[in-house]
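[1] Take a look and give me a structure for this.
(one chain, ligands or ions: 1)
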Amino acid sequence: MAERLRAKTDISGEGADLLGQQLESKKPSSAQQYEADELFRQFVSQCESCSSCELAVERNNVVVWRGNIRAPLMIIGEGPGAEEDMQGRPFVGRSGQVLDQLLTAWDIREENFHICNIVKCRPPENRAPKPEEVEKCRPLLTRQFNLVKPRVILLMGATAYKYFTHDTTGITKVRGKWIEKSGFWIMPAFHPAYILRDPRRKNDLWEDVGAARRKLSELKLLPDLDA
Ligand code: SF4
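    Below you'll find the model as predicted:
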């Protein structure tokens with residue numbers, strides 16, 4: 001099963017394996033940091049002017065990111081909801097509050113994570129994004145991934161899992177199980193919105209965020225929890 005998932009884990013729609021980027025171990029110099037910041041600003045502008053799919057029609061804002069521009073942990077959800085569309089930031093509604101509580105509880109700080117979604121504009125009536133919308137948005141997510149350079153990826157919910165891995169196995173079966181590919185560590189987890197509907201699964205999400213936190217320590221990207 002894990003092998004099958006590893007073989008399928010490729011979120012690039014244009015042939016290049018998004019997870020095939022070179023891992024960097026050196027801390028960037030100030031000049032490199034400045035250049036990275038500038039590239040990220042250009043990327044955000046590109047997103048804000050995008051009208052590649054029909055989701056551009058009804059949006060109030062293009063919802064690109066929150067957290068840190070460069071972070072060891074990338075958290076990827078499905079798409080913006082009403083509150084996110086109004087504020088222009090991902091995971092700021094009730095789901096975002098649940099996520100923030102978990103991140104704080106596991107001592108994952110804002111500078112440690114980068115949050116985004118599979119699509120950057122709100123699907124009407126909070127429906128799941130259509131495959132063609134995801135494909136149009138995929139190059140932006142690929143660019144974002146290459147700029148942020150995470151090592152650990154938390155996929156929040158079935159839609160994020162399906163479109164990131166191209167695997168249609170239900171999230172209940174795959175959550176909590178690491179997928180390792182080319183030095184990147186991917187953890188599928190329940191979406192916080194699901195936890196709000198079924199609080200009995202909250203412990204599962206707690207465990208999966210905790211697993212991501214421990215992996216960041218193991219990779220020496222964050223201090224040990226008891227340090
Ligand atoms: S969802 Fe993505 S591809 Fe579609 S308009 Fe928004 S930014 Fe562009």
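[2] interface residues of this protein facing the ligand?
    Proximity of the chain to the ligand (Cβ under 6 Å from any ligand atom) is limited to residues 47, 50-53, 55-56, 62, 119-121, 133, 136-137, 140. Glycine gets a C-beta too; all of them are placed from N, C-alpha and C.
[3] Can you list phi and psi of residue 194 for me?
    Main-chain torsions, residue 194, degrees, to the nearest 10: phi -70, psi -40.
[4] If I follow the layout properly, it ends up in contact with residue 200?
    No - using Cβ atoms under 8 Å, residue 194 makes no contact with residue 200, being 10.6 Å away.
[5] the more surrounded of these two?
    Remark: of residue 194 and residue 200, residue 194 carries more neighbours, 21 against 7, as counted by other Cβ atoms under 10 Å.
[6] Need the per-residue pLDDT for the more buried one.
    Residue 194 is assigned 96 on the pLDDT scale.
[7] tell me the strands in the protein, going along the chain?
    66-67, 73-77, 113-117, 152-156, 179-181, 184-189 (DSSP state E).
[8] and those strands as JSON lines, adding distance to residue 33?
    Shown next, in JSON lines, are those (distance: least, Cβ to Cβ, whole Å):
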{"stretch": "strand 66-67", "distance to residue 33": "16"}
{"stretch": "strand 73-77", "distance to residue 33": "18"}
{"stretch": "strand 113-117", "distance to residue 33": "15"}
{"stretch": "strand 152-156", "distance to residue 33": "21"}
{"stretch": "strand 179-181", "distance to residue 33": "27"}
{"stretch": "strand 184-189", "distance to residue 33": "22"}
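[9] could those strands go into JSON lines alongside distance to residue 38 and mean pLDDT?
    Shown next, in JSON lines, are these (distance: least, Cβ to Cβ, whole Å; pLDDT from 0 to 100):
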{"stretch": "strand 66-67", "distance to residue 38": "19", "mean pLDDT": "98"}
{"stretch": "strand 73-77", "distance to residue 38": "20", "mean pLDDT": "98"}
{"stretch": "strand 113-117", "distance to residue 38": "17", "mean pLDDT": "98"}
{"stretch": "strand 152-156", "distance to residue 38": "25", "mean pLDDT": "98"}
{"stretch": "strand 179-181", "distance to residue 38": "29", "mean pLDDT": "95"}
{"stretch": "strand 184-189", "distance to residue 38": "25", "mean pLDDT": "98"}
